[in-house]
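[1] model this:
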Amino acid sequence: MKTVKLISVLVLGMLATCSAAYAQGSGGGGGGGSVGGGGSSPSSPGSGSVGSAPAPGGARSPNARSDGSFGDFGSFQTTGTMKGRITGISLAEHRVTVEDGKGKVKTFKLAFDAKMKADKKTERGQKKDITIEDFQTGQQVKVVFRDSDEAAVELKMLPR
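    Residues are numbered from 1 along each chain as shown. Predicted coordinates for the structure are as follows:
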C-alpha cells in the first residue's frame, strides 16, 4: 500500500510540474502565448502554420515558437568545407590559411574545440592525438568551418 501511495505522489508531482511548464510555455492567454501572437483567435489569418490545425482551446504546442516553427534549433549551425593546401599557419593566433585548386585563399581561425584529424593514408594516419603543430605548409587538407563566423571546426590532413 505504501508503494502505491508513493507512486501516486510521484506521478501527481510530475503532472503538476509538466502542466506548470506547459502553461508557462504557452502563455495561457495574452502576451504572445497564443499562436500568431497577441491573443488572436485560431480562425484569424496568420494564426498557426500552413496546413496545420491549432491545438484545442487555441493553445500552441510546447515545442512551437512564436513564429509558428517547431523545435529548438538554437544549437544548429550550418557548415562549409574547403579542400586545398596550407599556405600559412600561425600558431600564436591559431589561424590556418588554405588555398584551393582554383586559387581561392581563405584564412580560418581555429575554433577552441576544433578537431584535428589525419587520413589513414598520411604519415600521421596512425597517430591519435593530432595537434596544429602536426600540420605543415604545403600539406593537403580539408577544412570544415562554421558559416556564421568561418571558424574552422575540423582540420583533416589529406594524402598528397
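
[2] domains for the chain, by residue range?
    Here the domain parsing of the chain from automatic domain parsing is 2-58, 79-157.

[3] weakest of the ones you listed in terms of mean pLDDT?
    The minimum mean pLDDT among those belongs to domain 2-58 (a mean of 49).

[4] could you pick out the longest strand of this structure?
    Assignment by DSSP state E gives strand 105-118 as the longest strand of the chain.

[5] buried ones in the following helix or strand past that one?
    Sequence-wise, the next helix or strand downstream of strand 105-118 (DSSP states H and E) is strand 140-146. Using 16 or more other CB atoms under 10 Å as the test for burial, strand 140-146 gives 140-145. In this view, the C-beta of every residue, glycine as well, is placed from N, C-alpha and C.

[6] same thing with stretch 121-141?
    Across stretch 121-141, burial judged by 16+ other CB under 10 Å covers 122, 124, 130, 132, 134-135, 139-141.

[7] same question for stretch 78-91.
    Those would be 82, 84-86, 89, for stretch 78-91 by 16+ other CB under 10 Å.
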